[in-house]
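Student: Fold the following for me, if possible:
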Amino acid sequence: MTEPLLIGMRGWEHAAWQGNFYPTELPADWRFCFYSNRLRSVLLPAEMWPAVDADQVRRWLEECDAQFRFVLELPQALARPGDAAQFDAHWAGFRALIEPLHASTTGLLLRVDAAAPPQRDWLAHALSVLTSDKPVCVDLPSETWHTPSVLAVLNDTGAGLCWHTDAPGPPRPGGRFMLGLTRGGNAKALRRHIETLAAWQQGDALAGLFVDAPGHPGMAEEARIIAKILGR
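Tutor: Residues are numbered from 1 along each chain as shown. A predicted model of the protein is given here:
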């Protein structure tokens with residue numbers, strides 16, 4: 001059964017985990033299989049996509065069970081505001097690549113290029129395309145993007161606004177999909193994050209807590225234990 005709150009790490013290809021999270025003798029190409037038995041979801045980072053091909057995607061599915069869940073951080077070409085036609089072309093190529101993962105993918109993370117000025121029309125187009133395929137969470141790069149017209153696009157498309165747990169305040173209400181990204185914290189902080197995300201979830205909304213701190217794989221395992229105790 002799929003866990004109601006996704007919990008995992010951002011990526012699993014971290015050499016520093018060898019001898020820590022991964023056994024010292026574990027071959028590098030066995031890491032994902034090992035990870036998928038310790039944690040039940042993963043956030044695939046944008047920077048890994050240039051090195052991924054269709055064969056690799058199919059191998060991931062072979063190495064995990066049917067209940068394991070993926071969240072896909074979209075590649076840079078899809079996160080850079082620009083021409084709608086270019087976005088559509090990049091999306092078509094990426095969508096073909098990830099087709100084998102479609103049934104095991106819970107949602108998409110669009111982390112808008114931090115160097116880009118606000119472009120409401122581009123965001124509206126991108127989200128209309130993406131949300132027709134999967135639930136989407138958006139990470140807006142700066143407060144300059146947090147204008148009423150931009151936030152209205154999220155409301156109109158059902159996209160959630162990414163929650164960084166070290167930011168002041170709770171997640172923004174609304175949307176079908178919410179990701180909490182955390183870089184550290186003790187058990188008390190992790191429990192608070194889990195309870196906050198659980199309170200955000202309404203109806204069939206989806207949420208996840210992912211550790212974006214490569215040096216701390218044990219933190220995600222601890223969060224998963226806490227979530228189980230809390231019934232999440």
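Student: For the rest of this, base every contact and every neighbour count on C-alpha atoms.
Tutor: Fine.
Student: where does the chain dip in pLDDT?
Tutor: Scanning the chain with the threshold set as pLDDT under 70 gives 1-2.
Student: quick one: the strands in it?
Tutor: Remark: strands assigned in the chain by DSSP state E are 5-10, 41-44, 69-73, 105-111, 136-139, 160-161, 163-164, 177-182, 206-211.
Student: wait, which of these is closest to residue 16?
Tutor: In terms of Cα to Cα, the element of these nearest to residue 16 is strand 5-10, at 14.0 Å.
Student: tell me the angle the closest one makes with strand 206-211.
Tutor: With axes from the mean of the first three to the mean of the last three Cα atoms, to 10 degrees applied, the angle from strand 5-10 to strand 206-211 works out at 30 degrees.
Student: From the rest of the structure, what touches strand 5-10?
Tutor: Contact with strand 5-10 is made by 39-45, 69, 198, 206-214, 217, 220-221, 223-224, 227, 232, as judged by Cα atoms under 8 Å, 6 or more residues apart in numbering.
Student: For residue 79, which of the strands of the chain is the nearest?
Tutor: Comparing the strands of the chain by Cα to Cα, strand 105-111 comes nearest, at 6.0 Å.
Student: Give the partner strands of the closest one in its sheet and their orientations.
Tutor: Looking at strand 105-111 with DSSP bridges, its partner strands are strand 69-73 (parallel), strand 136-139 (parallel).
Student: Now do the end-to-end distance for stretch 95-113.
Tutor: 20 Å (Cα to Cα, to the nearest Å).
Student: same check, this time on stretch 69-80
Tutor: In stretch 69-80, first residue to last residue: 26 Å (Cα to Cα).
Student: same question, stretch 179-194
Tutor: End-to-end distance of stretch 179-194 (Cα to Cα): 11 Å.
Student: same thing with stretch 62-70?
Tutor: 14 Å.
Student: where's that stretch relative to the chain centroid, distance-wise?
Tutor: The gap between where stretch 62-70 is centred and where its chain is centred comes out at 16 Å by Cα atoms, centre = their mean, to the nearest Å.
Student: And stretch 102-110, by the same measure?
Tutor: Distance of stretch 102-110 from its chain centroid, counting by Cα atoms, centre = their mean, is 8 Å.
Student: Same check on stretch 29-39?
Tutor: Here stretch 29-39 shows a centroid-to-chain-centroid distance of 18 Å under the convention Cα atoms, centre = their mean.
Student: which residues of the chain fall in helices?
Tutor: Counting by DSSP state H, the chain has helices at residues 31-38, 54-63, 76-79, 84-97, 120-130, 148-157, 187-200, 217-229.
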